[in-house]
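S.K.: Model the structure of this input:
(chains A and B)
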Amino acid sequence: MQRTIVTNNPAVWDKYSANALFIEGSAEQVLIRVRDMVHQGYELISHPLPASLRIMFSPYRSVIIGEKRGAADHLEAEIAEESIWKYRQKMSSREIDAGNNADYRLIDLLLLDAALKEDQGGGQPPG
Amino acid sequence: MKLEIGRINIKDIQFGDGTFVQDGVLTVDREGLTAFLKEDERVAGVRLDIARPGEKVRIIPVKDVVEPRVKIEGTGAGFPGVTAKPSQCGQGRTHVLYGAAVVTVGDIVGFQEGVIDMWGEGGRWTPFSKTCNVTLDLQVVDGLDTHTHEETIRLAGLRAAEFIGLAGRGAEPDEVLTYEMGGIFEETEKYPNLPKVLYAEMMITQGLLHDTYIYGVNAQTILPALMHPHEELDGAVISGNCVAACDKITTYQHQNNSVILDLFAQHGKEINFMGVVMVPEHTTLSGKLRASDYTLKLAQMLGADAVVVSEEGYGNPDSDLLMICKKCENAGIKTVLITDECAGRDGMSQGLADTASEAVAVVSTGNVSHVVTLAPAERVIGNPESIAVLAGGWKGALLEDGTLMCELNAVIGSTSEIGYHHVTCRQY
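M.R.: Model prediction:
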C-alpha cells in the first residue's frame, strides 16, 4: 500500500518527506495537483477538504494519495473536482488567514496523522 | 425505556455561598467550583464569570456549551465513561437546570472563533444568548501538548456542569417531560401502519478539535452505532470539536437534540421513531464508504421506511451526507437531509457543491456566509484578541468604532444542523 501525501505544509514535509510530494504554492494548488493525479489514475485516499469551515481558511492542506491504477475512479474524480469548486466558492469572499500559520501547520499535521491512522485500519487517534 | 427530564426553570444566576436554586435563581459557589476544577493537576488557573441574557457581553472564543444536570433516579450519573464510571444513560429521572449553561472559553489554537453575544444582532443568532451562562476560562499548566490541553478544557466543562447540576438535586421541577419507548418490535406492533423512521446523526470524528465521544469512546474508532434516543438526551454524547462554530453540535445541543425531540413528538402519531444511528464522519474515502454502507445496512435490518440524516460540519462531510442519501434512496428508503449551506453573502450561490438527484428532501438550517454586524461589547469574556480573528477573514470587517462585521461562520450554533437554533424557514 504505497501512499503519497500531497502537501504544502512544511511541518508535514519535515515528518513525512520520504512519502510526500511538496507543493510550493497555495492550498488551492494542492487541491489542483490532487485532482490532476486522480484523473491520471491515482487513488484518492483522503477527502481533499477539511470537515470544518475555519480549516478551509487555512493556508495549508495535506491530502493522501494511493497507487496509480489503470483508470480514474469516477467517484474519486468527482470528489476531487467538487473540492476545488467548493474551496473556490468559499474563498471567493474570504482571505486566507495568514496570522496563525504555526497553529494551522500544527493542526493540518495532527489531522493528517489521524487520517493516516484511520487509513491503516486502526482508526486510533494519536496520543 | 422510560426517561423523565425534570426541568427546574432558571431565570437568573449569581455567585454566592453554596450552589443551589431558590425562586428560579441559581447561585454558584465560585470558590468551591474553582477548587473542584483545580483537582485536575493540569489546570493552572480558573476564571469564572457570569453572562446573562441582554447584557452587552461577548464571550469568545467559545469551545463548548454544557447543560448542568443531575441524575435523581436510575443509572447514568454524570457523563458516563468520561467524568463517571460507565453506566447506562437514558432511563430514570434527570433534573435539568433549564435556562442555565456552562460555557468553556479559551484558546487551544490561535484561529479559534466561536462567539456568543448576549445581546443585539449577535444575540439573535445564537441560542446561548438566552441562557444564564457560567463561563469557564481555564489556564492550563505549561508544557501540555494540544491534545491534552483540549481534553483538560473539555473535561473541566463537563465537571463544572456536574458540580452546578447538583443544585437540581433538592429542587422541585417546574415541569417534568416523560419520554417512553419500548423495544423496536413492541413499538412496531403498536403502530403497524405508521412509517418506520430512523435518525442518522452524523458526527465530526477526524482528530484534534474535530472529535465526538459516545460514553467516552472516541467515535473516530467506531462503526455506525445504533442508540436509543434517550441515551443522547441523557448525556451519552459529548462534543470534542470546536472549530466549526456555526454548525458544531455542542454538548448542550446533544443533550437537547432537536431532531430527536421533534421525532419523539411525532412518534405514535405520524411516524414510528425507531432510534438513532450515530454515524462517524471519516477523513478517508474508505471510511466514508464503509460508514454509509453500514448505515444503510442498519436501516435495512430494522426495516426502516425512511431515514432523517443530519450533518455536522462543512466540507468533506457533505460527501458522507450524499453517500447515505444515495444508498438509502436507491434501496427504496426515503431520506430527509438536514444541512446548512454556503450560499455566498447574498444567499444566491448554489448552497451545496455536492448535488444528487436522489436528494429530493433537504432542510436548510441557514447560510453560513450571511454577514452579521456585531456592535462593540461593554465587556468581553475570554480573549479580546480573538475578535481580530473573526475580523481577520476579510478587509473592512472591523470598523473604527469597534463594530465588527463577520459571517455567521463565527457565531456559535447559528446554523445548527440539528436545528437547535433560532433560524426558521418560511414558504412564500
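S.K.: So the helix or strand encompassing A:Ile65, near chain B or not?
M.R.: According to DSSP states H and E, A:Ile65 maps onto strand A:62-68. Yes: legend: contact between strand A:62-68 and chain B by CB under 8 Å from any CB of the partner chain is shown at A:Ile64. The C-beta positions use only the backbone N, C-alpha and C, and glycine is treated the same way.
S.K.: Could you export that strand as CSV, CA atoms only?
M.R.: Listed in CSV are the C-alpha atoms of strand A:62-68, where the atom choice follows Å, rounded to 0.1, in the frame of the first residue of the first chain:
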residue,chain,number,x,y,z
SER,A,62,-2.4,17.8,3.0
VAL,A,63,-4.1,15.0,1.1
ILE,A,64,-3.3,11.3,1.0
ILE,A,65,-3.0,9.7,-2.5
GLY,A,66,-2.6,6.0,-3.2
GLU,A,67,-1.1,3.9,-6.0
LYS,A,68,-1.7,4.6,-9.7
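S.K.: can you give me the angle the following helix or strand past it makes with strand A:62-68?
M.R.: Downstream of strand A:62-68, the next assigned helix or strand under DSSP H and E is helix A:74-91. Orientation check (axes from the mean of the first three to the mean of the last three CA atoms, to 10 degrees): helix A:74-91 against strand A:62-68 gives 160 degrees.
S.K.: which residues make contact with helix A:74-91 from outside it?
M.R.: The list of residues contacting helix A:74-91 from outside it, by CB atoms under 8 Å, 6 or more residues apart in numbering or on different chains, reads A:27-28, A:31-32, A:34-35, A:38-39, A:43-44, A:47-49, A:53, A:56-57, B:285, B:315, B:318-319, B:342, B:344, B:349-350, B:353-354, B:369.
S.K.: Check which residues of that helix are buried.
M.R.: Within helix A:74-91, the residues scored as buried using 16 or more other CB atoms under 10 Å in any protein chain shown are A:76-77, A:79-84, A:86-87, A:89-91.
S.K.: re earlier: PyMOL command for the buried members of the contacts of helix A:74-91?
M.R.: The PyMOL command for the buried members of the contacts of helix A:74-91 (criterion: 16+ other CB under 10 Å) is given here:
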select buried, (chain A and resi 27+28+31+32+34+35+38+43+44+47+48+49+53+56+57) or (chain B and resi 285+315+318+319+342+344+349+353+354+369)
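S.K.: out of the contacts of helix A:74-91, which are inside strands?
M.R.: Members of these lying in strands (criterion: DSSP state E): A:43-44.
S.K.: average pLDDT for stretch B:363-379?
M.R.: Across stretch B:363-379, pLDDT averages out at 91.
S.K.: Just the CA trace of it, in CSV.
M.R.: Output in CSV follows, covering the C-alpha atoms of stretch B:363-379 (Å, rounded to 0.1, in the frame of the first residue of the first chain):
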residue,chain,number,x,y,z
VAL,B,363,-33.9,21.1,5.0
SER,B,364,-31.5,24.0,5.2
THR,B,365,-30.6,25.3,8.6
GLY,B,366,-29.1,28.6,7.3
ASN,B,367,-26.5,30.2,5.2
VAL,B,368,-23.1,30.2,6.9
SER,B,369,-21.9,33.1,4.7
HIS,B,370,-24.6,35.5,5.8
VAL,B,371,-22.9,38.7,7.2
VAL,B,372,-23.9,39.9,10.6
THR,B,373,-22.9,43.2,12.3
LEU,B,374,-21.9,43.0,15.9
ALA,B,375,-21.8,46.2,17.9
PRO,B,376,-18.9,46.7,20.4
ALA,B,377,-19.4,44.9,23.7
GLU,B,378,-19.2,46.6,27.1
ARG,B,379,-17.4,43.5,28.4
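S.K.: quick one: contacts for B:Ser153?
M.R.: Heads up, residue B:153 is Ile, not Ser. Shown here is B:Ile153, whose contacts under the criterion CB under 8 Å, 6+ apart are B:63-64, B:104, B:106, B:108, B:138, B:140.
S.K.: which SS state does it fall under?
M.R.: Under DSSP: H, G, I helix; E, B strand; the rest coil, the three-state class of B:Ile153 is helix.
S.K.: Could you check how far it is from chain A?
M.R.: Look at B:Ile153 and chain A: by CB to the nearest CB, to the nearest Å, they are 15 Å apart.
S.K.: B:Ile271 too?
M.R.: Applying CB to the nearest CB to B:Ile271 and chain A gives a distance of 30 Å.
S.K.: how would you label the nearest residue to that residue once chain neighbours are set aside: helix, strand or coil?
M.R.: Taking CB to CB, 6 or more residues apart in numbering or on different chains as the measure, B:Ile271 lies nearest to B:Val197, with 4.5 Å between them; neighbours along the chain are not counted. Taken by three-state DSSP, the conformation at B:Val197 corresponds to strand.
S.K.: Minimum distance to chain B, which residue of chain A gives it?
M.R.: Residue of chain A nearest chain B, by CB to the nearest CB: A:Ala114 (3.1 Å).
S.K.: Look up the residues forming beta bridges with the closest residue to that residue other than its chain neighbours.
M.R.: Nearest residue to A:Ala114, sequence neighbours excluded (CB to CB, 6+ apart): B:Gly207, at 3.1 Å. For B:Gly207, the beta-bridge partners under DSSP bridges are B:His210.
S.K.: Would you agree B:Gly207 is in contact with A:Ala115?
M.R.: Yes: contact criterion CB atoms under 8 Å: B:Gly207 and A:Ala115 qualify, at 7.3 Å.
S.K.: can you list residues touching both of the two?
M.R.: With the criterion set as CB under 8 Å, 6+ apart, the overlap between the contacts of B:Gly207 and A:Ala115 is B:Thr283.
S.K.: Of those two, which one has the most company?
M.R.: Applying other CB atoms under 10 Å in any protein chain shown to B:Gly207 and A:Ala115 shows that B:Gly207 carries more neighbours, namely 27 against 23.
S.K.: A:Met37 against A:Ile64, yeah?
M.R.: No: using CB under 8 Å, A:Met37 is not in contact with A:Ile64; the gap is 11.2 Å.
S.K.: overlap in contacts of the two?
M.R.: Common neighbours of A:Met37 and A:Ile64 are listed as A:Val6 (criterion: CB under 8 Å, 6+ apart).
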